[in-house]
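my questions are about this predicted structure, shown below with the sequence.
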Amino acid sequence: MKTAVAYARFSSDLQKDRSIDDQVALCESIAKQHGYRVAKVYHDRAKSAATMFERDGLLDLMKDTKAAKFDAVICESLDRISRDQEDLAGIFKRFKFREIKLITSDGEANDVSVGVRGIVGSMFLTDLGNKVKRGHNGRVREGKFPGAVTYGYRRVLGKPGVREIDPETSKVVLRVFTEYASGKTTREIAAGLTRDGIPTPSGGKHWNHQTFTGGRGGKRGMIGNQIYIGRLIWNANRSVLDPDSGKKLKRRGKPEDVIAVEVPHLRIVPQELWDAANGVCTSRAEAKFGAGGKRPQRVGYRPYSREHLLAGMLSCGSCGGHMRIAQVSRDGGPRVACAAAHQLGTCQHRKSYDMKVLEETVLAGIKAHLTSPEVLKEFTKGYHAGWAERQREMRSDRDNTQRALNRATVAIDRVVTAITESDEPVKALTEKLKRLETERAGLEEKLRLIESDGGAKVVSLHPASIGKFATSIDALHAALTRGGDPVALAPFRSAFRNVFDRIVVHPTGKRMPYEITPYARLSAIMGVELFPKVRSTEEIMREQGFGCTDFVGPEKSVSS
C-alpha cells in the first residue's frame, strides 16, 4: 500500500482533546478507502487556522514534505490545514510539486476546490470576527464588560459581564490618584505600594511605575482610564495580525468604532480628584516634551530593536535580570538599564549605559581575552561547576529558539510564494529572502549549539579547537568593528549571537569605565562551525519547488 500521513487540528482550548483522536480515526478510514496506509500523524492542539505561525505540527509536516517521505496527506477537511487563502494555496502548491496528493472527506483536492475553500475559509474568519465584535459591542452598550476585570472592580456572580466596585482594591485606586495629584512621582507611588505589601493587579509583589501612566497614543494607564469616573470606553484600540511575523500588533481604534457608555454606579474617583491627577499628568508631559505633551519622532531613528547586536543578551550584574532601553542619549542612541531597577525599583543597579559604548567594549574585550588558551580553559572549569543550573536555563532557551526558527521558516515560504506570483521587479523580495535565510541559518545553528551544550557535561579542550575558535573570534571582531553593508554583516552578527549566551553588565560608579563579562557557549569553543551555510536564493527556490527560470525574465532578475 502507498504511504500517507494524517493531519489533525482543533482551534480552541475550550474544545476537547478527544477531537484529535476522532479526526485521526476519520483520516485512517479515508486512507483505507483510497488505498493508503497512515504511517505518521501530525497534529496541532488549540491552534487557529488563521495563520501558520506557532503551529509546530503543520511546520513539521511541511518540512517532511520537502523530503517527499510520503505519497499523500489526509485530513478531515481543508480548513483543518488553513483558513487563509494565501497559506492554503501555498501549501497545496508545494504538495503538487512533490507529487503528494491532498485528500479529505470530500475526496482528492484540486486547484478549484483549494481556491473555493480558501475563499470560504477567509470569509468564515471575517464573518466570525464581525459577529464576535457585534456581540461585544452589544454588551458594552448595555453597560457590561466583555473583557477582563479592571483593577478596582470585581465580577458579580451569576451575571456575566456585570461588574461592581471592589471594596479593597478601589481604596488602592483612590490612593494612587490622591498621591499622584499631590505631586508624587509614579516611581514613588509604586515603591510605596510595594513596601506596604499590596498585591499588583496581576497578583505580583512589585509594582511597575508604568502601570499608572504607561502606554502610547494619549493618556493611558490607571490615571487615564475613564472607567474610574464611571465612563466605559470600548474599541479605543484594536489588534491586527502581522502577516509576515505572525505577531499581534495594537493600533488605535477607528473613531467611528469607539463606543462610550456612562456607568455612574462604577465611579470610584471624584471628578475633582480626576481633574487634578490628569492635570498633573498633562503638565509633566508638556514640561518634558513641549506643547502637546508628545515625544517627538526622530526622522530615521529606530528605538531599540532585535536587530541590534546586543539585543536580548544583556543582563544585570547585580540582580541577574535582563536589561532594557530606559533612556535616549543626546545623539539619539539608546541607553540600557536594569529592568528591575528602572521599572520596579527592586534592584540598586540604577546606572544606565550607552548601547554603542557597550558594544565597543564587548568587541574589544573578546578580541583581547577570548583568544587566550588559559582563559578558555578557565571558562571550561566554570562551565562544569554550573552545569546543572545551565541545564535549566537551556530548556527555556531551546524552546524560544525553536519558536523563532519556525517563524523564520514560515516567513521564507511566504516570500518565496510572493516572488513566484509577483508581476513587479523582485529585487526587494530577494533581499528580504536573503535576510530571512541568514536569520534562519543562524537560529538553526544556535539550536544545534544549545543541544550540543546540553550533552556535554564533562569536556576537555583540544588545542585545535582553541585555535579554530580564536580564528573565528578574529573574523567576528574584524567584520563587526569594520561595519558596512548590513546584508554582508548579517552572518557575522548571527554568529556572534550564537557564540555568546549572554553579556553581564556589572555595576560601576558614575562616569567610570564599563565592566562586562561575556558568557560563551561551550559547544562554540569546542570547534563547532560558527558560520552556518546560507542557501542562495536559487537553492531556496528550487527546494520550494520553483526553478528560477520559471519566473525570472530578461527584465526581472533575482540577482539584480
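Okay, I see it. This is a predicted model, so every value here is computed, not measured.

send me stretch 334-345 as CSV with only the CA atoms.
What follows is stretch 334-345, C-alpha atoms only, in CSV (Å, rounded to 0.1, in the frame of the first residue of the first chain):
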residue,chain,number,x,y,z
PRO,A,334,19.7,54.1,23.2
ARG,A,335,20.8,53.7,26.8
VAL,A,336,20.1,50.5,28.7
ALA,A,337,19.4,49.9,32.4
CYS,A,338,18.4,47.1,34.6
ALA,A,339,14.7,46.5,34.1
ALA,A,340,14.1,45.6,37.8
ALA,A,341,15.8,48.9,38.9
HIS,A,342,14.2,51.0,36.2
GLN,A,343,10.6,49.7,36.3
LEU,A,344,10.2,48.0,39.7
GLY,A,345,12.8,49.6,41.9
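
for that stretch, give the mean pLDDT please.
The pLDDT scores in stretch 334-345 average 86.

do stretch 255-272 as well
Stretch 255-272 comes out at a mean pLDDT of 94.

starting at the chain centroid, how far to it?
Computed by C-alpha atoms, centre = their mean, to the nearest Å, the chain-centroid distance of stretch 255-272 equals 34 Å.

who touches that stretch?
Residues from elsewhere that reach stretch 255-272, judged by C-beta atoms under 8 Å, 6 or more residues apart in numbering: 137, 140-141, 143, 152-153, 163-165, 170, 173-174, 177, 227-236, 238, 277. C-beta: built from backbone N, CA, C; applies to glycine.

give me the pLDDT for G553.
Reported pLDDT for G553: 43.

need the distance between the two termini of stretch 196-209.
15 Å (C-alpha to C-alpha, to the nearest Å).

ok, stretch 65-74 next?
OK, stretch 65-74 end separation, C-alpha to C-alpha: 13 Å.

what about that stretch, average pLDDT?
89.

would you mark the buried spots in that stretch?
T65, F70, D71, A72, V73, I74 (16 or more other C-beta atoms under 10 Å).

what do you get for stretch 72-81?
For stretch 72-81, using 16+ other C-beta under 10 Å, the buried residues are A72, V73, I74, C75, E76, L78, D79, R80, I81.

ok, the residue lying closest to the third one once chain neighbours are set aside - contacts?
In space, I74 comes closest to C27 once its chain neighbours are excluded; the distance is 4.5 Å by C-beta to C-beta, 6 or more residues apart in numbering. Applying C-beta under 8 Å, 6+ apart, we find C27 in contact with A6, Y7, A8, V38, V41, I74, C75, E76.

in what element of secondary structure is C27 found?
Assigned by DSSP states H and E, C27 belongs to helix 18-33.

got a list of contacts for the helix or strand encompassing I503?
Using DSSP H and E, I503 maps to strand 500-506. For strand 500-506, contacts defined as C-beta under 8 Å, 6+ apart pick out 310, 313-318, 323, 336, 353, 358, 362, 397, 514-521.

who does it pair up with?
strand 314-316 (parallel), strand 515-520 (antiparallel) (DSSP bridges).

please work out which of those strands is packed deepest.
Of the strands paired with strand 500-506, the one with the most neighbours on average (mean count of other C-beta atoms under 10 Å) is strand 314-316, at a mean of 22.

next one: the helix or strand that comes right after that one to chain centre, how far?
The helix or strand immediately downstream of strand 314-316 is strand 323-328, counting by DSSP H and E. Mean-position distance between strand 323-328 and its chain equals 19 Å (C-alpha atoms, centre = their mean).

stretch 432-452 - what's its average pLDDT?
80.

send the alpha carbons of that stretch over as CSV?
What follows is stretch 432-452, C-alpha atoms only, in CSV (Å, rounded to 0.1, in the frame of the first residue of the first chain):
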residue,chain,number,x,y,z
LYS,A,432,14.3,40.2,2.1
LEU,A,433,14.7,36.5,1.4
LYS,A,434,18.5,36.8,2.0
ARG,A,435,17.9,38.5,5.3
LEU,A,436,15.4,35.8,6.4
GLU,A,437,17.7,33.0,5.2
THR,A,438,20.6,34.4,7.3
GLU,A,439,18.3,34.6,10.3
ARG,A,440,17.0,31.0,9.7
ALA,A,441,20.6,29.6,9.3
GLY,A,442,21.7,31.4,12.4
LEU,A,443,18.8,30.1,14.5
GLU,A,444,19.3,26.6,13.2
GLU,A,445,22.9,26.7,14.2
LYS,A,446,22.0,28.2,17.6
LEU,A,447,19.6,25.4,18.2
ARG,A,448,22.4,22.9,17.4
LEU,A,449,24.8,24.7,19.7
ILE,A,450,22.3,24.6,22.6
GLU,A,451,21.7,20.9,22.1
SER,A,452,25.4,20.3,21.9
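
now the residue nearest the centre of the chain. Nearest residue, chain neighbours left out?
Geometric centre of the chain, nearest residue: K247, 6.5 Å, by C-alpha atoms, centre = their mean. Among residues not flanking K247 along the chain, L241 sits closest, at 7.6 Å (C-beta to C-beta, 6+ apart).

next: G197.
G197 sits nearest to K205 (C-beta to C-beta, 6+ apart), 7.7 Å away.

how about stretch 222-239: buried residues?
Buried, per 16+ other C-beta under 10 Å, within stretch 222-239: M222, I223, G224, N225, Q226, I227, Y228, I229, G230, L232, W234, N235.

kindly apply the preceding question to stretch 326-339 instead.
A326, P334, R335, V336, A337, C338, A339.

and stretch 167-185, by the same measure?
Counting neighbours by 16+ other C-beta under 10 Å, stretch 167-185 gives T169, S170, V172, V173, V176, F177, E179, Y180, A181, K184 as buried.

also stretch 82-91?
S82, R83, D84, Q85, E86, D87, L88, A89, G90, I91.

report the helix or strand with the lowest average pLDDT across the protein.
Across the helices and strands of the chain, mean confidence by mean pLDDT, DSSP states H and E is lowest for helix 373-385: a mean of 54.
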